[in-house]
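let's see this in three dimensions:
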Amino acid sequence: MCIAHRFKPIYIALLATRLPVIGVHHAFGVYNRPMRRWFVNHFRARLLLLGVSNAVRDEMRADLPGWESTRVETLYNRIDVAAVQTEQISRLGARTALQLPLDAWVVGNAGRLHPDKDQATLIRGFAQALPRLPVGSLLAIMGSGRLEAPLRQLAESLGIADQVRFLGHVRHGRRYFKAFDLFVLTSDHEPFGMVLLEAIAAKVPVVCTDCGGGREVVEGVGKLFPLGDSAALATELVKAAQLDPGSAQSAASTLEHLTERFSDARAQRDFNTILSKAFFTDDSVRHVHFYVE
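Okay, the predicted model is just below:
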């Protein structure tokens, strides 16, 4: 059996071997192309497709309508909570490293400065919420990209340039997530949202758009707002700022959420269950050890 991540390795594995192939997809739009659909349909007898979220899976099922549902399944990305938490530094250390005031209420975001991440909605929502947020509140954006200049201009036009910190590319950014009082993801088409898991691991409340794979990550432990709706986002920011930290979702509950849905052990169980329902009938193949590298 061969496990291949993304289309090109799947293509090579199917052509170069006669092995059963499990193709794992981390993005939307993979089978929008007719030739790709033709190719996987040709090899479907020995191909199982996995999406990293139900959103990715559902799009693949729609693009490949003749496939049995058991041949297009979900296997969530996973997180080693203990390893991530060991790597994350204290709130004081993170604020110092990022040059953020120790006493400010800080909204954090991490991602490329790209249209897909829609930081424009984040900046507009923050601007609308700012009069109702604690004095000295800041928006801190980790990441670099071609939209940095337009986003800076947007903050300037809204009169909040001093309250928006563009941190640039931060190596191993998740180490510093404890610097944030709230983490917000405004992506318009997020296949999964690994940064949400990393923020939850840091015990930071999360808010994200109600679309793509992000809603699956924060279900039960975070807040959602409609895509592109800066007013709705502003409302969620104000609510988050008014919460007594002691009344927020308990750390134990959020960690239980990570362990139950996104741990290595859960991924292994789900993987073996998927194989048992698909095309593997030989017991020596069905129960595959799940190696984490």
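
pick out the residue closest to the middle of the protein.
residue 193 (0.4 Å; CA atoms, centre = their mean).

separation between that one and residue 207?
12 Å (CB to CB, to the nearest Å). The C-beta positions use only the backbone N, C-alpha and C, and glycine is treated the same way.

same question for residue 84.
Relative to residue 207, and taking CB to CB, residue 84 is found at 20 Å.

check residue 56 too.
For residue 56, the distance to residue 207 - CB to CB - is 22 Å.

same deal with residue 264?
Distance from residue 264 to residue 207, by CB to CB: 27 Å.

what does residue 121 give?
The value you get for residue 121 to residue 207, if CB to CB is used, is 12 Å.

now swap in residue 49 and tell me
In terms of CB to CB, residue 49 sits 31 Å off from residue 207.

equivalent analysis for residue 103, please.
Where residue 207 is concerned, residue 103 sits at a distance of 22 Å (CB to CB).

so between the two, which is more surrounded?
residue 207 (26 against 9; other CB atoms under 10 Å).

let's see the pLDDT reported for residue 245.
We have a pLDDT of 63 for residue 245.

now do residue 127 against residue 95, distance only.
For residue 127 relative to residue 95 (CB to CB), the value is 23 Å.

not counting residues beside it along the chain, what's closest to residue 190?
Spatial nearest neighbour of residue 190, excluding adjacent residues (CB to CB, 6 or more residues apart in numbering): residue 212 at 4.1 Å.

check residue 145 too.
Going by CB to CB, 6+ apart, residue 145 has residue 113 as its nearest residue, at 3.3 Å.

next: residue 196.
residue 217 is the one closest to residue 196 (CB to CB, 6+ apart), at 4.5 Å.

how far does the one helix or strand the one you found maps to sit from the chain's center?
Following DSSP states H and E, one finds residue 217 within helix 214-218. Here helix 214-218 is found 8 Å from its chain centre; the criterion is CA atoms, centre = their mean, to the nearest Å.

dump the C-alpha coordinates for it into CSV.
The C-alpha coordinates for helix 214-218 follow below in CSV (Å, rounded to 0.1, in the frame of the first residue of the first chain):
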residue,chain,number,x,y,z
GLY,A,214,-12.5,25.9,10.3
ARG,A,215,-16.0,25.4,11.6
GLU,A,216,-15.2,21.7,12.2
VAL,A,217,-12.1,22.6,14.2
VAL,A,218,-13.8,25.1,16.6
